[in-house]
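Trainee: The sequence and its predicted three-dimensional model are supplied below.
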Amino acid sequence: MKLNRKHIIRKAFTTNNHQEYTDCPYRVFAKEYPDVARELLKVPPHYRPTHNTTPILSKDEKLEDYLIWRGWNIKGILHRHELDDENINSAAVGLLSHPLTFPLTLGRYISEIISHDNTNDDVINEQKKIRICCVGARAEATLPDDYWREFLITSTVVESSITIDFIGPDLPLNLTSSKTVSLNCNNDHIQHSNNSKLTMNYHKSFLHDVILKLLKSLRHEQQKDTLQPSERTEKIRNIWDGYVLFNPGIGHPNLQKDWIPTLKFLIETSKPILFTAHSKIDADRDGKVLEKMLMNDDEDGDSNDRIVEYKPNPYASRMKFVDPFPTSPNDYDTSVHLVRPNDQIFLLNKRY
């Protein structure tokens, strides 16, 4: 889906099931200076700067460092509009944090997901096909192509063909079934070539429905390949190299029951699973559910597999929203629970 800059800004103020938090300084900035906001949201030419071709994303880096590395001329734009003010500069960064949170968060951890089954760096860095499943996808699937190209730029996997299957019943109906974006460009502005490409597939359904379709396809193949049931099951488990669940709310009382079968399947694949949460409270709820499921799944008695520790995500959106479905006002220090996309993060990387 192609979104114009005006649409991006409008989407930055609302997200699924969230109420607007009117005191958010980034939202106030964009409303007061809409022309400046539109200019800031224009993505710079896609290339890896020649002075440092290695992405600097890490757990300890800041979004500000990434924006400088990418050549996002925030100060220059603000200066042209005579808005040389530290608070406004901070608000501009906060505005950009919202559309960048999904690609940068996944880009930060993609190498750890890929290295799950590869211990040889040469194997990791060669041209290979990588497939990720984004379960319960919503807002992340509607990002403009330019923002998902940031994922290719930040990825430490060189010369790779990456596929993300966005699966979720809340996906917009007007998304095409599939599209591919790349950084391979012979433009004079491109200073560093990157032949990686990203294919995005969209499935407006639940994960089990997609798996059933794949099973039917494999049954058809079985007539030719004589696949045994165990082999077919193993093939299903290896379709994806890893999974990502952005802000799933698996521990929320209203959602927990529906998530259990999906989580059971994901854990049984033994593939890496990246989880994010809207807040510390949200992460604590999700963590309790995961720990319980991992304990039930722990056949080898390895207690390390049961440790669930969410951490603050430096690439979280800085846009805050009011949680419309708090479990109880007594759970919070105030009567209003403020949340933000990808506030906390946890990578479950089971190794058998």
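Mentor: Yep, it's here.
Trainee: contacts and neighbour counts: CA atoms only from here.
Mentor: Fine.
Trainee: Once you drop chain neighbours, what's closest to Trp148?
Mentor: Nearest residue to Trp148 in three dimensions, chain neighbours excluded: Pro103, at 5.7 Å (CA to CA, 6 or more residues apart in numbering).
Trainee: doesn't Asp145 make contact with the one you found?
Mentor: No - here Pro103 does not reach Asp145: they are 10.6 Å apart, not a contact under CA atoms under 8 Å.
Trainee: May I ask which helix or strand encompasses Ser217?
Mentor: Counting by DSSP states H and E, the element that carries Ser217 is helix 207-225.
Trainee: Please work out the average pLDDT along that helix.
Mentor: What helix 207-225 shows for mean pLDDT is 76.
Trainee: Please apply the same query to stretch 128-142.
Mentor: In this model, stretch 128-142 has an average pLDDT of 93.
Trainee: Quick check: buried residues in it?
Mentor: For stretch 128-142, the buried set under the neighbour-count rule, 16 or more other CA atoms under 10 Å, comprises 130-142.
Trainee: re the thing from before, how about the contacts made by the residue nearest to Trp148?
Mentor: Tyr147, Trp148, Glu150, Phe151 (CA atoms under 8 Å, 6 or more residues apart in numbering).
Trainee: Now find how far off-centre the helix or strand where the second one lies is within its chain.
Mentor: Same thing as Trp148. Per DSSP H and E, Trp148 falls inside helix 145-154. Relative to the centre of its chain, helix 145-154 is centred 11 Å away, using CA atoms, centre = their mean, to the nearest Å.
Trainee: and what of stretch 135-146?
Mentor: Chain-centre distance of stretch 135-146: 8 Å, with CA atoms, centre = their mean.
Trainee: okay, how far is it across that stretch, tip to tip?
Mentor: Distance between the two ends of stretch 135-146: 22 Å, counting by CA to CA, to the nearest Å.
Trainee: before we move on, what SS does Thr276 have?
Mentor: strand (DSSP: H, G, I helix; E, B strand; the rest coil).
Trainee: OK, contacts around it?
Mentor: Applying CA under 8 Å, 6+ apart, the residues contacting Thr276 are Leu245, Phe246, Asn247, Pro248, Ala283, Asn342, Asp343, Gln344, Ile345, Phe346.
Trainee: Test for you: state the pLDDT assigned to it.
Mentor: Predicted confidence (pLDDT) for Thr276: 98.
Trainee: How about it: what's its closest non-neighbour residue?
Mentor: Using CA to CA, 6+ apart, the nearest residue to Thr276 is Ile345, at 4.3 Å.
Trainee: any idea whether that neighbour is helix, strand or coil?
Mentor: strand.
Trainee: Is it bridged to anything, and to what?
Mentor: For Ile345, the beta-bridge partners under DSSP bridges are Thr276, Lys311.
Trainee: What is the burial count for it?
Mentor: The tally of other residues near Ile345 (other CA atoms under 10 Å) stands at 24.
Trainee: doesn't Ala316 make contact with it?
Mentor: No - between Ile345 and Ala316 there is no contact under CA under 8 Å: 9.0 Å.
Trainee: Tell me the buried residues in the helix or strand where Val93 lies?
Mentor: Element membership of Val93 [criterion: DSSP H and E] is helix 86-114. Neighbour-count burial for helix 86-114 flags 88-89, 91-110, 112-114 (criterion: 16+ other CA under 10 Å).
Trainee: mind checking the end-to-end distance for stretch 296-316?
Mentor: Start and end residues of stretch 296-316 are separated by 31 Å (CA to CA).
Trainee: That should have said stretch 294-309, apologies.
Mentor: Stretch 294-309 has an end-to-end distance of 13 Å (criterion: CA to CA).
Trainee: Per-residue confidence, Phe246, what does it come out as?
Mentor: Reported pLDDT at Phe246 in the predicted model: 98.
Trainee: Hmm, it is touching Ala137, no?
Mentor: Yes - Phe246 lies in contact with Ala137 (CA under 8 Å); the separation is 7.3 Å.
Trainee: Walking through the stretch 51-200 of the chain, point out its strands one by one.
Mentor: Remark: strands assigned in the stretch 51-200 of the chain by DSSP state E, counting those that start in this stretch are 129-135, 161-167, 178-182, 197-203.
Trainee: Can you say which of the ones you listed is nearest to Pro324?
Mentor: Minimum separation from Pro324 across the strands of the stretch 51-200 of the chain (CA to CA) falls at strand 129-135, 22.2 Å.
Trainee: Work out the sheet partners of that closest one and label each with its direction, please.
Mentor: Sheet pairing of strand 129-135 (DSSP bridges) gives strand 161-167 (parallel), strand 242-245 (parallel).
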